[in-house]
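Colleague: Just the structure for this:
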Amino acid sequence: MANTGITVLLVDDEKRFRISTEKVLRRRGYQVLLASNGEEAIVKMAEEPDVVILDIKMPGKDGLDILAEFKKAHPKTPVIMLTGHGSDDKAQDAFSQGAYDFLAKPCDMDILAAKISEAFLHRGGAHTIEESLVGGVMIPLAEYTSLSLDSTVKEAIGALHKSFAVRSGSMSVMETGHRSVLVTGSSGEVIGILSILELLQGLMPAYLSYPKPSTADSIRYSPMFWRGLFTRELKKLADKRLSELMSPAPSSIEASASLLEAAYILVQNGERRLLVVRDGKPVGVLREQDLFFEMERIMSR
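Modeller: From the prediction side, this is the model:
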């Protein structure tokens, strides 16, 4: 693999781990400096590594003590903490002292390599990539279609239709509307969401899911059976409250989060939109198409 141009200082008292990790990182194109304790690490810092990987539990000075010295002398050098004896308290201590990230041993080498590259970019190296955060591409909450819990399906359909209109004078087209309505409680909190999919599900007569004898299939699903059913069921649905059809509120994500984190949550949860929060309060909605628009913008640079 080609040289990444990134120098890593690996500080760990376990010789086997140092040797095996060094081999893997060198094969991946990283330059590697080694130190078995805090004193050696301080000396190696004079060679100005780009990223430090630091074991948190070592004889003598532990990783947190060394981290404090590193950040005092080299505040811009990112430090990734490693431990086989980790806890939430240790991780919190590491982050409060300026650690870039915290990984448990044994750690996956793919993840470690990815974190090293991320840390280097975070440091402001020559290949730093500037990109928008979630808050920069979301739809502000004030611009997203919202209705109260007691609103009707008819009102929701009307509100959704308006969201599909192209805003005159807008610098960007909010393509295809919102495709969903946020459902709010009495205090304005987001308690649910009604998407077009929920509307379609609401149209389905309950008897379509009932067990049926095989001999009835040809009658039940004949052209005559379906004719006019869409309109009849929609009229039944019109006056239902959103509380009867809505799904729970979407998963939330901080406005300061990265776009890849947002994409990860959407993919893992099988969702199409996220509720964006800042200081615990909802401020917007990030849709899958907003990420797509950002993909197109980046590709067209």
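Colleague: where does the stretch 151-300 of the chain have low pLDDT?
Modeller: For the stretch 151-300 of the chain, residues meeting the criterion pLDDT under 70 lie at 165-177, 212-221.
Colleague: go with 80
Modeller: For the stretch 151-300 of the chain, the stretches with pLDDT under 80 are 164-178, 209-222, 300.
Colleague: the strands in it, which residues?
Modeller: 180-184, 190-195, 247-248, 252-254, 273-278, 281-287 (DSSP state E, counting those that start in this stretch).
Colleague: State whether Thr77 and Leu54 are indeed in contact, as I suppose.
Modeller: No - taking CB atoms under 8 Å as the definition, Thr77 is not a contact partner of Leu54, at 10.7 Å. Where C-beta positions appear, they are placed from N, C-alpha and C, glycine not excepted.
Colleague: rewinding a little: including mean neighbour count and distance to Arg16, could the strands of the stretch 151-300 of the chain go into TSV?
Modeller: Shown next, in TSV, are the strands of the stretch 151-300 of the chain (neighbours: other CB atoms under 10 Å; distance: least, CB to CB, whole Å):
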stretch	mean neighbour count	distance to Arg16
strand 180-184	24	53
strand 190-195	21	51
strand 247-248	12	48
strand 252-254	17	39
strand 273-278	22	43
strand 281-287	20	44
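Colleague: Run through the helices of this protein in chain order.
Modeller: 15-27, 38-44, 63-73, 88-96, 109-123, 134-137, 153-163, 196-203, 217-220, 223-226, 229-237, 259-269, 288-299 (DSSP state H).
Colleague: For Asp110, which of the strands of the stretch 151-300 of the chain is the nearest?
Modeller: Asp110 lies closest to strand 252-254 among those, at 24.2 Å (CB to CB).
Colleague: which residues touch the closest one?
Modeller: Residues from elsewhere that reach strand 252-254 (CB atoms under 8 Å, 6 or more residues apart in numbering): 134, 261-262, 265, 274-278, 282, 286.
Colleague: In JSON lines: the helices of the chain, plus distance to Ile6.
Modeller: Formatted as JSON lines, the helices of the chain follow (distance: least, CB to CB, whole Å):
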{"stretch": "helix 15-27", "distance to Ile6": "9"}
{"stretch": "helix 38-44", "distance to Ile6": "15"}
{"stretch": "helix 63-73", "distance to Ile6": "17"}
{"stretch": "helix 88-96", "distance to Ile6": "21"}
{"stretch": "helix 109-123", "distance to Ile6": "5"}
{"stretch": "helix 134-137", "distance to Ile6": "27"}
{"stretch": "helix 153-163", "distance to Ile6": "46"}
{"stretch": "helix 196-203", "distance to Ile6": "45"}
{"stretch": "helix 217-220", "distance to Ile6": "64"}
{"stretch": "helix 223-226", "distance to Ile6": "62"}
{"stretch": "helix 229-237", "distance to Ile6": "58"}
{"stretch": "helix 259-269", "distance to Ile6": "20"}
{"stretch": "helix 288-299", "distance to Ile6": "23"}
